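*Asks:* Dropping the sequence and predicted coords here.
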Amino acid sequence: MTSLSSRLKGRSELGIAALLGAAGALVLIDAARLVTPYSQSDPVGPKTVPIIVGALLLVSAVLLAVNVLRGGHGEAEAGEDIDLNHPSDWKTVIPLAGAFIANILLIDWAGWVISGTVLFWGSVWALGSRHYVRDGLISLALSLLTFYGFYLGLGIGLPAGLLEGIL
Amino acid sequence: MDILSSLMGGFATALTPMNLLYALIGVILGTAVGVLPGIGPAMTVALLLPVTYVLEPTSAFIMFAGIYYGGMYGGSTTSILLNTPGESSSVVTAIEGNKMAKAGRAAQALATAAIGSFVAGTIGTTLLVVVTPIVVEFAVSLGSPSYFAIMMLALLAVTAVLGASRLRGFASLGLGLAIGLVGIDSVTGQRRLTFGQPLLADGLDIVVVAVAIFAVGEALWVAAHLRRTPLQIIPVGRPWMGKQDWKRSWKPWLRGTAFGFPFGALPAGGAEIPTFLSYVTEKRLSKHPEEFGKGAIEGVAGPEAANNAAAAGTLTPMLALGLPTNATAAVMLAAFTQFGIQPGPFLFANEGPLVWALIASLFIGNTLLLLVNLPLAPVWAKLLRLPRPYLYAGILFFATLGAYSVNLQAFDLMILLVLGGLGFLMRRYGLPVLPLILGLILGPRVEGQLRKTLQLSAGDVSGLWSEPIAVIVYVIIALILVWPLLAKVLRRVRPRTAAPAYAGAPAASDSVAARDSASARGTSTTAGGLSGAGTAADQEPPGTGSRHAADTTPANHGQEKS
């Protein structure tokens, strides 16, 4: 038990193996459901490729799990703005995802101008800016500009929502 | 002569004022996204796809071409002024480029990068004009079995050769192929992986998937590890070069081009290997080897030229065979399909004017880049100071807007968030992004060729190797797959001599230490660099803990900024 838990410690990458395994199983189960009428013109049928892909995912899941348990690990991606010396900062990521979800919930009902403003303002706040008023103005300006830009320039009507009739 | 007149026709199309304007927009946009961290040309093209439906396909592709080349230019500016390159292909440029900038020679470093890119881009595009029709002539004679084999080669080679870990590459490829399966099967009309959701019946839109993996995943990942201390940006004036600099630059430019184009044109070439080879070569040939490591101009000129020539080379399989080997080319291929244009060997025959206008616009874009970027370098440097909250909030904002405008349904935004989460996990656990995107875009086409092949052979599996080209390609695939094993055996036979092999790996998982030791050794053979890409694949040497060395040394782990 203790050896198991100590082996599992710091092996969060096993979650990726589980994810791959689940994806592989999903693809295979879905493939099993397909019916293949025998056909001269399509001997491969719709099933073959999903089975290969599902198998590929399952095999990579197993190999990855083995690799991780033997001490291997994937290299986190570096970049200009990335500092890997500090651990994942969930206090930034979760509000950021929150702003994104708020936009999804609002966009069809309140319209793009409002939901886009919320999205941008919320994201900027989550990422650490504290110029509330300036950020609000920028957010609103961006949303309005894209709304009219898409409507007038591209003929794409983004939802006006609550502001229908005003815009 | 035929080619020449077609090309002239292309110039006539590309030089109309409207198209010239699109080229200019593309070039400026491309440079901007190349300079800015977090976004790159592939994502920009993906975001612009829904917007460009209103344009003529020709104008859209002229703009995309500008973005493609512009991204390369912008990337070099960042790596010289910041020393933390965004693209794996500009990692090598940063080694000497940043040293030059620190020594007060930023202007010369930027100038040799820009002029070298222009020279390499122009020669590379010329080679593209010469080589591509030959490839097409050969390609139209190929049947489905050969196509299937070549596509498999591209998929497997990109997965197995590039990136730090083969295993993780294949995992990523599997995910991409699975996402590509979603939707109605075009032959039998059966729904695959739709879970009864009518919204999934048409499959996942490539724009949504690409934007999710590239943009949302990147923004979330950066947010989790945002650097709180501002980066040191080296101020720069207008780039220029003295007589001595020209003298030391022109040969590396030409040699870099010679390395870059062929590698780019190969199914798994990429730009990392040729830039690295160019660096090693320049170091060995230089009259000032003592300057390497302290800011030698040859070390910027050569790799930068190799990078751009590789970008031109990549377009050869893209246009001649419909085979993309980097993220931007993959998204451009998806763009062809979205405009109802069938990519492949008949592209030149069916869409000649468009393709030639695209090629002509590459020449034009290259020239525009030089004209725009030499005087504007200080402006681009200022762009690097954009406050990060605005940058990443902006990326999310435009990602949402782009994905939403495809179908105007909030459902796509949910997919965007879920796949953005996947993109985050992939970055966290070192799964390369490129195999996923290629699997997504090429997967359905590979399946189509497979079914066509076996239909022709009436279900007989031997139909797969019924063409000689297919057999040759399968042998190459086998070699690529078996190579790590082979290398292991070889190393056991000659333990000492083969040891430095992985020290030269351009994208090995311990690239930080590897590149340092490689550049210190300097004589790490070209073969070492090459085989290293394959051999180090799944080794994951114990030294990976020294990851924070990334502060001082460029490392990008084979991920292309997209």
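*Replies:* Received, thanks.

*Asks:* okay, CA-based contacts and neighbour counts for the rest of this
*Replies:* Will do.

*Asks:* State which helix of chain B is the longest.
*Replies:* Of all the segments assigned as helix in chain B under DSSP state H, the longest by residue count is helix B:106-139.

*Asks:* And chain A, is stretch B:32-52 touching that?
*Replies:* Yes - against chain A, stretch B:32-52 shows contacts by CA under 8 Å from any CA of the partner chain at B:37, B:38, B:51.

*Asks:* ranking those by neighbours, who comes first?
*Replies:* The most crowded member of the residues of stretch B:32-52 next to chain A, judged by other CA atoms under 10 Å in any protein chain shown, is residue B:38 (27 neighbours).

*Asks:* How is that one assigned, secondary-structure-wise?
*Replies:* Assigned by DSSP: H, G, I helix; E, B strand; the rest coil, the conformation of residue B:38 is coil.

*Asks:* show me what contacts it?
*Replies:* By CA atoms under 8 Å, 6 or more residues apart in numbering or on different chains, the contact list for residue B:38 reads A:79, A:80, A:81, B:86, B:215, B:218, B:219, B:222, B:392, B:561.

*Asks:* which residues touch the fifth one?
*Replies:* Applying CA under 8 Å, 6+ apart, we find residue B:215 in contact with B:38, B:39, B:43, B:395, B:396, B:399, B:420.

*Asks:* In helices only, show me the residues you listed.
*Replies:* Using DSSP H, the contacts of residue B:215 in helices are B:43, B:395, B:396, B:399, B:420.

*Asks:* and after the helix or strand of chain A with the lowest mean pLDDT, which helix or strand comes next?
*Replies:* Ranking every helix and strand in chain A by mean pLDDT, DSSP states H and E puts helix A:2-8 at the bottom, with a mean of 60. Counting by DSSP states H and E, the next helix or strand C-terminal to helix A:2-8 is helix A:14-33.

*Asks:* Enumerate the positions of the very next helix or strand once past that following helix that are buried.
*Replies:* Once the chain leaves helix A:14-33, the next helix or strand it forms, by DSSP H and E, is helix A:48-69. The neighbour-count check on helix A:48-69 (16 or more other CA atoms under 10 Å in any protein chain shown) flags A:49-65, A:67-68 as buried.

*Asks:* How far off centre is helix A:48-69?
*Replies:* 21 Å (CA atoms, centre = their mean, to the nearest Å).

*Asks:* for stretch B:100-109, same thing?
*Replies:* That offset, for stretch B:100-109, works out to 27 Å (CA atoms, centre = their mean).

*Asks:* Average pLDDT for that stretch, rounded please.
*Replies:* Throughout stretch B:100-109, pLDDT has a mean value of 90.

*Asks:* now do stretch B:296-305
*Replies:* Here the average pLDDT along stretch B:296-305 is 93.

*Asks:* And stretch B:213-231, by the same measure?
*Replies:* pLDDT averaged over stretch B:213-231 gives 87.

*Asks:* Look at it and report the distance between its end residues.
*Replies:* 26 Å (CA to CA, to the nearest Å).

*Asks:* Equivalent analysis for stretch A:83-99, please.
*Replies:* 23 Å.

*Asks:* List of residues touching it?
*Replies:* With CA under 8 Å, 6+ apart as the criterion, stretch A:83-99 contacts A:78, A:118-120, A:122-123, A:126-128, B:220, B:223-227, B:547-548.

*Asks:* which of these count as buried?
*Replies:* A:78, A:118-120, A:122-123, A:126-128, B:220, B:223-227, B:547.

*Asks:* Below-threshold pLDDT in chain B: ranges please.
*Replies:* Within chain B, the set of residues satisfying pLDDT under 70 comprises B:1, B:83-87, B:230, B:268-269, B:494-562.

*Asks:* Report the central residue of it.
*Replies:* For chain B, the residue nearest the mean C-alpha position is residue B:326 (3.7 Å; CA atoms, centre = their mean).

*Asks:* Residue nearest the middle of chain A, spatially speaking?
*Replies:* With CA atoms, centre = their mean applied to chain A, the nearest residue to centre is residue A:97, 9.6 Å.

*Asks:* which element is it on?
*Replies:* Here residue A:97 is assigned to helix A:90-110, by DSSP H and E.

*Asks:* ok, then the element right after that helix?
*Replies:* helix A:112-126.

*Asks:* Tell me if I'm right that residue B:354 and residue B:11 touch.
*Replies:* No - assessed by CA atoms under 8 Å, residue B:354 is found out of contact with residue B:11, at 10.7 Å.

*Asks:* got the contact list for residue B:422?
*Replies:* If you count contacts by CA under 8 Å, 6+ apart, then residue B:422 has B:213, B:217 around it.

*Asks:* Can you give me the neighbour number for residue 110?
*Replies:* Assuming you mean chain A. Count around residue A:110 with other CA under 10 Å applied: 18.

*Asks:* right idea, wrong chain: chain B
*Replies:* 31.

*Asks:* Could you measure from the nearest residue to it once chain neighbours are set aside over to residue B:101?
*Replies:* Closest residue to residue B:110 apart from its sequence neighbours, by CA to CA, 6 or more residues apart in numbering or on different chains: residue B:239 at 5.9 Å. Distance, residue B:239 to residue B:101, using CA to CA: 11 Å.

*Asks:* Please identify which of the two sits among more neighbours.
*Replies:* The neighbour comparison of residue B:239 against residue B:101 (other CA under 10 Å) goes to residue B:101, with 24 against 21.

*Asks:* now the residue nearest to residue B:342 when sequence neighbours are not counted: how far from chain A?
*Replies:* Distances taken as CA to CA, 6+ apart place residue B:336 nearest to residue B:342, at 6.7 Å, with adjacent residues excluded. To chain A, residue B:336 is 20 Å away according to CA to the nearest CA, to the nearest Å.

*Asks:* returning to that earlier point: I figured the residue nearest to the centre of chain B was touching residue B:270, is that so?
*Replies:* Yes - in this structure residue B:326 lies within contact range of residue B:270 using CA under 8 Å: 6.9 Å.

*Asks:* and for these two, which residues touch both?
*Replies:* residue B:314.

*Asks:* need the contact list for the residue sitting furthest away from the middle of chain A.
*Replies:* Distance to the chain centre peaks in chain A at residue A:40, reaching 40.8 Å (criterion: CA atoms, centre = their mean). Contact analysis of residue A:40 by CA under 8 Å, 6+ apart lists B:455, B:458, B:459.
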